[in-house]
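Asks: Just a sequence and a predicted model for now, questions to come.
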Amino acid sequence: MATLSPTIRVQQTDQGGGGTAPPIPGGGGDGGRGDGYPDHGQRLRRLRLALAIGLTSVTMIFISLTSAYIVRRGLPTFDDHTGTYIQDWIPVQLPLALLLINTALLAASSLTAELARRQIIRQAALAPVRSIPGVSLGRESGFPWLALTVVLGFGFLTGQWLAWRELADRGFYLATSASSSFVYLLTAVHGVHLIGGILVLLYAAVVSLLHRPVEGRRIVVDVTAWYWHFMFGLWLGIFALLWFVR
């Protein structure tokens, strides 16, 4: 008795020649989306994580300096002439008015940095719509918040230099006492980190002038703005330490 069995044909696709393989979901191990375009969102998350790690190291540096400042303030020293332990901590007469002006400048720069960050986020969100042929969203007013942040940052550093001049006029130099040494050290280390932020802001401004892709500019401005906010918060801590723990 004869039986009939169905025949299943499997059509093979030649991918070794001119055929194309189907795309692999989630591909692009180099930070891409798998469709040939860079994944700016993933890159931004990575840079934010790197920033958080770097700021953790900076925080530990200033925590160590703060601890040394407080311990040294209450630590007596041995006087060879009298043979006794004495307190040699001399309160530093800070130029309060000038430091308050510097604080206001840095606070304003933190505000302008945030406005620059929000501005570039809005531009990145509207970029796909603007690329559609025939669609016009009008001309958006682009205030140079980034450039204003750089100017305010330089103003803060100039004010800090003037504060050093004022300290010197009052007789407080780097080697005058342990207290004055800590004042110069804390403000100098903070100023160096702030200069690093200004350099990145200048880089972001140059990138904007070169009309680079808006997503790339957004990453630079976003990370720099968060760094700048941290510098402002750090200065508030240093200023409070120098003023209230004199």
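Replies: Arrived safely.

Asks: what's the least confident helix or strand in the chain, going by average pLDDT?
Replies: strand 77-79 (a mean of 70; mean pLDDT, DSSP states H and E).

Asks: Show me how far the next helix or strand along the chain from that one is from its chain's centre.
Replies: Scanning forward in sequence from strand 77-79 by DSSP states H and E, the next helix or strand is strand 84-86. Centroid separation for strand 84-86 versus its chain: 45 Å, with C-alpha atoms, centre = their mean, to the nearest Å.

Asks: quick one: strands adjacent to strand 84-86?
Replies: Strand pairing for strand 84-86, using DSSP bridges, gives strand 77-79 (antiparallel).

Asks: Residue 120 and residue 218 touch, don't they?
Replies: Yes. With contact defined as C-beta atoms under 8 Å, residue 120 counts as touching residue 218 (4.6 Å). Backbone N, C-alpha and C define where each C-beta goes, glycine included.

Asks: Helices of the protein, residue ranges please.
Replies: Taking DSSP state H as the test, the helices found in the chain are 40-73, 96-130, 145-169, 178-209, 214-244.

Asks: Can you pull out the low-pLDDT segments for this structure?
Replies: 1-39, 78-80, 127-141, 246 (pLDDT under 70).

Asks: So for the protein, the centremost residue is which one?
Replies: Nearest to the geometric centre of the chain sits residue 227, at 1.7 Å (C-alpha atoms, centre = their mean).

Asks: Distance-wise, check it relative to residue 156.
Replies: 15 Å (C-beta to C-beta, to the nearest Å).

Asks: Ok, residue 222 next?
Replies: The value you get for residue 222 to residue 156, if C-beta to C-beta is used, is 21 Å.

Asks: Which one's more surrounded, the two?
Replies: Remark: of residue 222 and residue 156, residue 156 carries more neighbours, 26 against 21, as counted by other C-beta atoms under 10 Å.

Asks: Which residue is the nearest non-sequential neighbour of residue 51?
Replies: Closest residue to residue 51 apart from its sequence neighbours, by C-beta to C-beta, 6 or more residues apart in numbering: residue 223 at 5.5 Å.

Asks: thought the one you found was touching residue 49?
Replies: No. The pair residue 223 / residue 49 is not scored as a contact, 10.4 Å apart, by C-beta under 8 Å.

Asks: Look at these two and report which has more neighbours.
Replies: Taking other C-beta under 10 Å, residue 223 and residue 49 do not tie; residue 223 has more neighbours (18 against 10).

Asks: Could you give the number of residues near the closest residue to residue 157 other than its chain neighbours?
Replies: The shortest distance from residue 157 to any non-neighbouring residue, by C-beta to C-beta, 6+ apart, is to residue 191 (6.0 Å). By other C-beta under 10 Å, 17 other residues sit near residue 191.

Asks: where does residue 97 sit relative to residue 211, distance-wise?
Replies: 43 Å.

Asks: wait, what's in contact with the residue nearest to residue 51?
Replies: Residues near residue 223 by C-beta atoms under 8 Å, 6 or more residues apart in numbering: 44, 47, 48, 51, 200.

Asks: isn't the second one right next to residue 219, touching?
Replies: To tie it back to what came earlier, the one meant is residue 47. Yes. The pair residue 47 and residue 219 passes the contact test of C-beta under 8 Å, sitting 6.2 Å apart.

Asks: Neighbour count: those two, which is higher?
Replies: Each of residue 47 and residue 219 has its neighbours counted (other C-beta under 10 Å); residue 219 has more, 21 against 15.

Asks: mind listing what that one touches?
Replies: By C-beta under 8 Å, 6+ apart, the contact list for residue 219 reads 40, 43, 44, 47.

Asks: Show the buried residues in these.
Replies: 40, 44 (16 or more other C-beta atoms under 10 Å).
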